[in-house]
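**Student:** sharing a model that was predicted from the sequence below.
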2 protein chains.
Amino acid sequence: MSPQNPDALPHTAADSVGLVEPQVHHFDTPLELECGRTLPTYDLIYETYGTLNSDASNAVLICHALSGHHHAAGYHRADDKRPGWWDTCIGPGKVIDTNRFFVVSLNNLGGCHGSTGPASINPESGQPWGPDFPMMTVKDWVNSQARLADVLGIQRWAAVIGGSMGGMQALQWSIDYPERLSHAVVIAAAPKLSAQNIAFNEVARQSILTDPNFYGGRYYLHDTYPRQGLILARMVGHITYLSDDAMRMKFGRDLRAGRFHFGFDVEFQVESYLRHQGEVFSRNFDANTYLLMTKALDYFDPAREFDHSLEQALSKPTCNFLVMSFTSDWRFAPERSREIVNGLVHAGRNVSYAEIDTPKGHDAFLLDIPEYIKLFGAYMHRVANETENKSQAVEAAPHA
Amino acid sequence: MSPQNPDALPHTAADSVGLVEPQVHHFDTPLELECGRTLPTYDLIYETYGTLNSDASNAVLICHALSGHHHAAGYHRADDKRPGWWDTCIGPGKVIDTNRFFVVSLNNLGGCHGSTGPASINPESGQPWGPDFPMMTVKDWVNSQARLADVLGIQRWAAVIGGSMGGMQALQWSIDYPERLSHAVVIAAAPKLSAQNIAFNEVARQSILTDPNFYGGRYYLHDTYPRQGLILARMVGHITYLSDDAMRMKFGRDLRAGRFHFGFDVEFQVESYLRHQGEVFSRNFDANTYLLMTKALDYFDPAREFDHSLEQALSKPTCNFLVMSFTSDWRFAPERSREIVNGLVHAGRNVSYAEIDTPKGHDAFLLDIPEYIKLFGAYMHRVANETENKSQAVEAAPHA
């Protein structure tokens, strides 16, 4: 097949949601935030894949991780080289089957991909919010997502799904809006960050905050951005996304030039890879958003409201749970997922738990790992069946 | 006891080596380096504790880690608040018993505590060496240490001992100068760095190299130094020195102000601790030395010269080995020490291996951990006995 053959374009593949277009909803009801401040008005950008059924019972919400956004599946343009970030799992016949589900994926508040965030204009000053943008928490995001659900006419999600920081949102949903979801899928997450997790976030933040081009967060006005700070932040982050084994398999001690050159230029392949990852990220991500997202992670601790009892917090949900972790994930290790599972079991919830054996580290939740895809797919298949059976029952019922 | 009581001063304690004074030896025979360059002249600063016996058979060499130096035990001044970095293990009656051993501890070439390094004056230019200082390797250090041994009249060390990067030097000694040591003690080390180890070093280096006050390594001429870069480098490093558990026990999620303040100032105790550690380090360590030491770590790979066969490399040593690791060390995990042990066993060497169960992480090698101290002490006791028996045998032998 020649590359000119339109059949060869990935967006036309049978299991792709194809070309998608983001939508923006403007909210003008003020949103009260956990930090005590209020966001007077805001936009949320989102994408949807699949079709909402007549009783709006087949909707699933996708929550994104630290550097994620609303573009989870498909392509924006026919010549896009890469699809949305979770295209592995979302599409016709895929794990989150768009032939059966209506999938909603949004960019969180504070983000830098179209939802209101630090780079947006603060209506009070007419300038970008910058450091004046209020601090966000996972709870705030869930509240804003509930409003988006209202707008879309979705009273109850068939499932709220997320990996890493996305899994934390799914968990918070189950606690704060128990009546509004049937399933929560919590992947590679933790019930709160450890001191080590916070420490890595703090290194990333200090890299950005001390970059001379940060200008106290008002770099937009200086027509620059804290490039080096973002590069360093991403380099540190990236190391925590990969396992030691994954790095060994990917790079080992391979030398870029085949021999030592005894200087500070790139010597090992892994150095080159990290610098490149940092560089690309720095061009595509807003520094203030990165700061804000890492703080939201640090603050996440649903047990806090319940006298630091995770079990008490987890007595609120009424949905069923799928919790998944990856053996080589050292950012949010399987032990951390098991804390969630134990809490849910103690609280008497239905929970399926899978610990996937893989050397791929934290990033595994984004990857095409057969055992993961199979288990996740089987669970979502059950969710879809449940949803469709209920829908049919409603349709078949005589009108009251 | 009142603090004025001189008996209360720590340097007068019975198990302290007391007040010590560093010595400097100037070498004017050029040293050929692995990078292909030559250091025409250089100084090594060192300290000694205990007394060299008549046949110079009771000398042990202490090799330091990344941020270490020659001041391993005792006090420089009566009012010093803290002793040398390994005072836990070195002193009268301690693990490395200065009543029995003559202990030599030096600052490595390229260091910033008195041995010739990037901050020293380059005799050719009359300016600080800065980035023109040649790149050092563990092999180079061992060669320079062998010359120091010559100066001190030590033909054969009773033991060469080190933790982390120091353990790598002990291992390299055993390969390069097999006839010049009887024992090698290799603690919390690895036969080479993993891709993840290199990745963390690279983040530290990039922090320093991209600090606007680095001036291409010539910051001495600008009367400044890359303070922020050093702080970040040390913060990253410090995370890898502690285990996740150690951090949890030390800080948990304790808040400095008792509640969230929703800003970028210190929120969690661990943030405060890391910033403080970075800050103190930045005032006391030369950035070019830090760069150089991390590169020496990256380059370390004794198997490289032996067709990448560690077993072949380890067929060179003739000494006995004590290898120790710590269960919670994830910088150089027990698996890495076991690679050394397996190599030695295959090569038919005598090796004692101890895996110490502790949550203290990589830093454990510096700490007073009873099981560690006991095992290490028992081994050194045996080394001292051996040395003294041999000495007596020599003295008792009739003159030829």
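**Tutor:** Cool, the structure landed. The structure presented is a predicted model; accordingly, all values stated were derived computationally and were not measured. Numbers count the residues shown, from 1 in each chain, chains lettered A, B, ... in the order given.

**Student:** show me the beta-bridge partners of residue A:322.
**Tutor:** Note on residue A:322: beta-bridge partners residue A:185, residue A:352, judged by DSSP bridges.

**Student:** what about it, distance to residue A:382?
**Tutor:** 9 Å (CB to CB, to the nearest Å). C-betas here are computed from N, CA, C, even on glycine.

**Student:** who has more neighbours out of the two?
**Tutor:** When residue A:322 and residue A:382 are compared for neighbours, residue A:322 comes out ahead with 24 against 14, by other CB atoms under 10 Å in any protein chain shown.

**Student:** can you list the buried residues in stretch A:92-101?
**Tutor:** Buried residues in stretch A:92-101, counted by 16 or more other CB atoms under 10 Å in any protein chain shown: A:92, A:94-98, A:100-101.

**Student:** need the contact partners of that stretch.
**Tutor:** Stretch A:92-101 is contacted by residues A:14-17, A:49-50, A:58-60, A:62, A:73, A:88-91, A:103, A:158, A:161, A:373, A:376-377, A:380-381, A:384, A:387-388 when judged by CB atoms under 8 Å, 6 or more residues apart in numbering or on different chains.

**Student:** ends of it, how far apart?
**Tutor:** Separation of the first and last residues of stretch A:92-101 by CA to CA, to the nearest Å is 9 Å.

**Student:** avg pLDDT for that stretch?
**Tutor:** Stretch A:92-101 carries an average pLDDT of 98.

**Student:** so what touches stretch A:305-315?
**Tutor:** Around stretch A:305-315, the neighbours that count as contacts under CB under 8 Å, 6+ apart are A:175, A:191, A:302-303, A:339-340, A:343-344, A:346-349.

**Student:** what do you get if the cut-off is 6 Å, keeping everything else the same?
**Tutor:** A:175, A:191, A:302-303, A:343-344, A:346-347 (CB atoms under 6 Å, 6 or more residues apart in numbering or on different chains).

**Student:** ditto for stretch A:174-191
**Tutor:** If you take CB under 6 Å, 6+ apart as the criterion, stretch A:174-191 is touched by A:142, A:146, A:156-161, A:163-164, A:167-168, A:170-171, A:173, A:302, A:310, A:313, A:316-324, A:329, A:332, A:336, A:339-340, A:362, A:365, A:383.

**Student:** filter those to the buried ones?
**Tutor:** Among those, those scoring as buried are A:142, A:146, A:157-161, A:163-164, A:167-168, A:170-171, A:173, A:302, A:310, A:313, A:316-317, A:319-324, A:329, A:332, A:336, A:339-340, A:362, A:365, A:383 (criterion: 16+ other CB under 10 Å).

**Student:** any weak-confidence spans in chain A?
**Tutor:** Regions of chain A meeting the criterion pLDDT under 70 cover residues A:1-8, A:397-400.

**Student:** which residues does the most centrally placed residue in it contact?
**Tutor:** Geometric centre of chain A, nearest residue: residue A:64, 1.6 Å, by CA atoms, centre = their mean. Going by CB under 6 Å, 6+ apart, residue A:64 touches residue A:166.

**Student:** can we see that at 7 Å?
**Tutor:** By CB atoms under 7 Å, 6 or more residues apart in numbering or on different chains, the residues touching residue A:64 are A:108, A:166.

**Student:** measure it to chain B for me?
**Tutor:** For residue A:64, the distance to chain B equals 22 Å [CB to the nearest CB, to the nearest Å].
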